[in-house]
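Participant: Coordinates only, no sequence provided:
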């Protein structure tokens with residue numbers, strides 16, 4: 001067994017890889033910017049957590065100290081032009097620390113790419129690989145196609161485009177060929193890579209058994225989901241920028257992520273060879289084809305067993321400082337809407353309803369108003385309301401709930417959501433419940449820190465709606481909790 005370090009532990013792949021490594025008996029350490037970021041993750045007590053940033057040499061050296069193998073799974077892709085230099089700087093820090101601490105292997109998850117000019121996203125992936133390889137540490141770069149699994153960005157993009165649009169005007173890249181890989185198979189190659197001898201290194205393509213056009217991916221998804229196949233009409237006039245706006249509007253993928261993703265689809269991205277088979281055996285039972293991967297992802301969605309999602313890895317802003325629990329917000333103009341109600345329901349029942357808000361359930365008040373605000377947010381390049389939830393019933397610290405992020409959660413007591421919507425200020429929605437006799441005391445707070453005059457005008461503009469939205473929300477949540485208690489228990 002090995003001492004293994006993982007960067008990108010809170011990401012889509014990292015969050016699924018770590019429990020497998022632990023199950024195999026490895027000692028695992030992870031790097032995270034916030035000490036409590038992994039608090040609610042089931043495996044958090046079984047790993048050593050190093051607090052720091054990937055660009056911080058001291059933190060990365062601590063991560064590498066005593067480590068034999070390091071997985072580089074972190075990516076800084078965003079709509080900013082700066083993500084390339086950021087990724088290069090982080091890779092250089094890791095390469096230097098790996099060399100200093102004498103690691104035996106680096107494992108890097110990159111992407112399939114064509115020869116010739118590349119998008120900003122793929123160019124950055126290639127550059128990071130070159131930097132890690134220059135460390136003189138044996139580096140295995142696994143170049144994966146679209147990763148298909150419940151909660152992956154590629155799967156969610158295909159799913160929403162197909163679910164929403166019966167006829168889809170599409171850019172010409174919809175005819176380009178890509179080679180998806182099931183997340184199960186990607187994890188197989190990643191875990192097996194840790195046991196390879198040091199003389200095995202280099203770049204290896206990994207992918208599923210077949211390549212498909214992007215249009216075929218949507219048609220095959222429709223077959224697996226038992227819905228009508230979309231009519232796809234390729235339009236050469238749709239530029240990558242326009243296509244990204246379309247993806248942003250129709251899918252949960254925000255514009256900041258849609259732009260680099262769409263740029264990466266301008267060329268065929270397929271495996272050049274199957275050399276990976278010479279160093280790592282295929283999974284037992286063979287590689288999963290695209291349709292099987294989609295069916296498995298849909299099953300996990302139906303069964304509410306999604307482990308990680310792309311949203312966790314793509315918080316659109318740095319986490320804000322925790323919202324104070326008392327009314328003394330020194331140095332801030334604070335605008336609030338507070339609702340309190342007494343209910344016969346127990347704190348556990350009230351909190352069960354609270355914890356289920358958003359996603360398919362909604363917000364217990366004026367769904368058309370919430371939908372309109374979500375569309376407005378999307379048009380402004382925000383996340384909108386389509387991100388949904390990882391789980392229909394349970395929440396954990398850092399989970400996304402539509403345009404909110406779980407900033408704090410205390411079972412049966414408190415849920416605080418931080419807004420990631422586009423707004424001229426910082427906003428939170430907080431729910432708390434306290435025992436009161438045989439029932440509960442329910443407190444609901446909307447808190448807004450306005451930025452300048454625009455923030456104050458924004459609050460005044462939506463103030464007339466607060467009376468109905470937040471009042472209805474408090475009444476219906478407590479009513480739903482009382483109804484929950486009246487239902488027969490299994």
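Facilitator: That came in fine, so what should we check first? Please read these numbers as outputs of a predicted model, since none were measured by experiment. Numbering: from 1, shown residues only.
Participant: Looks like residue 204 contacts residue 141 (just checking).
Facilitator: Yes: here residue 204 lies in contact with residue 141, judged by C-beta atoms under 8 Å, at a distance of 7.1 Å. Just so you know, the C-beta spots here come from the backbone N, C-alpha and C atoms, and that holds for glycine as well.
Participant: Enumerate every residue touching residue 276.
Facilitator: Residue 276 makes contact with 142, 189, 204-206, according to C-beta atoms under 8 Å, 6 or more residues apart in numbering.
Participant: Which parts of the protein are helices?
Facilitator: For the chain, the helices defined by DSSP state H cover 14-23, 57-64, 83-101, 120-133, 153-164, 183-193, 214-225, 240-250, 255-263, 290-303, 347-355, 367-379, 452-486.
Participant: now stretch 343-356: mean pLDDT?
Facilitator: Taken as a whole, stretch 343-356 has an average pLDDT of 96.
Participant: how much space between the nearest residue to residue 26 once chain neighbours are set aside and residue 187?
Facilitator: By the measure of C-beta to C-beta, 6 or more residues apart in numbering, the closest residue to residue 26 outside its immediate chain neighbours is residue 4, 4.8 Å from it. Here the criterion is C-beta to C-beta, to the nearest Å. By it, residue 4 lies 14 Å from residue 187.
Participant: just residue 363 next, same as before
Facilitator: 35 Å.
Participant: quick one: low-confidence ranges for the stretch 101-250 of the chain?
Facilitator: Within the stretch 101-250 of the chain, the ranges that satisfy pLDDT under 70 run 237-238.
Participant: how does it look with 90?
Facilitator: 111, 113-126, 145, 153-154, 156-158, 160-176, 198, 214-215, 230-250 (pLDDT under 90).
Participant: hey, what's the residue nearest to residue 26 bridged with?
Facilitator: Per DSSP bridges, the residues bridged to residue 4 are residue 28, residue 69.
Participant: how many other residues sit next to it?
Facilitator: By other C-beta atoms under 10 Å, the residues close to residue 4 number 25.
Participant: just residue 223 next, same as before
Facilitator: 13.
Participant: Return the residues in contact with residue 224.
Facilitator: Contacts here follow C-beta under 8 Å, 6+ apart; on that basis residue 224 touches 291, 294-295, 298.
Participant: Out of the residues you listed, who's the most crowded?
Facilitator: Top of those by neighbour count (other C-beta under 10 Å): residue 294, with 26 neighbours.
Participant: From what I see, it and residue 148 are in contact.
Facilitator: Yes: assessed by C-beta under 8 Å, residue 294 is found in contact with residue 148 at 6.5 Å.
Participant: Quickly list what's touching both of those two.
Facilitator: Residues touching both residue 294 and residue 148 comprise residue 155, with contact defined as C-beta under 8 Å, 6+ apart.
Participant: Identify the residue nearest residue 349 in space, chain neighbours excluded?
Facilitator: Nearest non-adjacent residue to residue 349, counting by C-beta to C-beta, 6+ apart: residue 481, 4.4 Å away.
Participant: try residue 443
Facilitator: In space, residue 443 is closest to residue 432, 4.7 Å off (C-beta to C-beta, 6+ apart).
Participant: pLDDT value on that neighbour, please?
Facilitator: 96.
Participant: Tell me what it is bridged to.
Facilitator: For residue 432, the beta-bridge partners are residue 414, residue 443 (DSSP bridges).
Participant: where's it relative to residue 30, distance?
Facilitator: 31 Å.
Participant: and residue 354, what does it touch?
Facilitator: 415, 431, 433, 477.
Participant: Mind doing that once more with 7 Å?
Facilitator: Counting by C-beta atoms under 7 Å, 6 or more residues apart in numbering, residue 354 touches 415, 431, 477.
Participant: so how many other residues sit close to residue 239?
Facilitator: Around residue 239 there are 11 residues (other C-beta under 10 Å).
Participant: try the one 10 residues further on
Facilitator: Residue 249: 17 surrounding residues under other C-beta under 10 Å.
Participant: Now it: closest residue in space, sequence neighbours ignored.
Facilitator: Once chain neighbours are set aside, the closest to residue 249 by C-beta to C-beta, 6+ apart is residue 378, at 5.3 Å.
Participant: what do you get for residue 365?
Facilitator: residue 472 (3.7 Å).
Participant: can you tell me how far residue 298 sits from residue 179?
Facilitator: 21 Å.
Participant: what's the answer for residue 448, then?
Facilitator: 46 Å.
Participant: all strands of the stretch 251-400 of the chain, in order?
Facilitator: 335-343, 400-401 (DSSP state E, counting those that start in this stretch).
Participant: Ok, which of the ones you listed comes nearest residue 14?
Facilitator: Smallest distance to residue 14 across these (C-beta to C-beta): 16.5 Å, for strand 400-401.
Participant: Does anything pack onto that closest one? Which helices or strands?
Facilitator: Here strand 400-401 touches no other helix or strand, going by 3 or more C-beta pairs under 7 Å, 6 or more residues apart in numbering; DSSP states H and E.
Participant: Show residues contacting it.
Facilitator: By C-beta under 7 Å, 6+ apart, strand 400-401 touches 311-312, 357-359, 387, 389, 395, 417.
Participant: what's the answer for stretch 209-221, then?
Facilitator: Against stretch 209-221 from outside (C-beta under 7 Å, 6+ apart): 158-159, 161-162, 170, 173-180, 229-230, 232, 265, 270, 287, 289-291, 294.
Participant: Now with 6 Å, please.
Facilitator: The contact list for stretch 209-221 (C-beta atoms under 6 Å, 6 or more residues apart in numbering) reads 158, 162, 174-175, 177, 179, 229-230, 232, 270, 287, 289-291, 294.
Participant: Same question for stretch 365-384.
Facilitator: Here stretch 365-384 has contacts from 249, 254-255, 363, 385, 403, 420-422, 469, 472-473, using C-beta under 6 Å, 6+ apart.
Participant: tell me the two of those that are most distant?
Facilitator: The most widely separated members of the contacts of stretch 365-384, counting by C-beta to C-beta, are 255 and 472 (31.3 Å).
Participant: Pick out whichever of these two has more residues nearby.
Facilitator: Higher neighbour count among residue 255 and residue 472: residue 255, with 19 against 15, using other C-beta under 10 Å.
Participant: check contacts around residue 8.
Facilitator: 14, 73-74.
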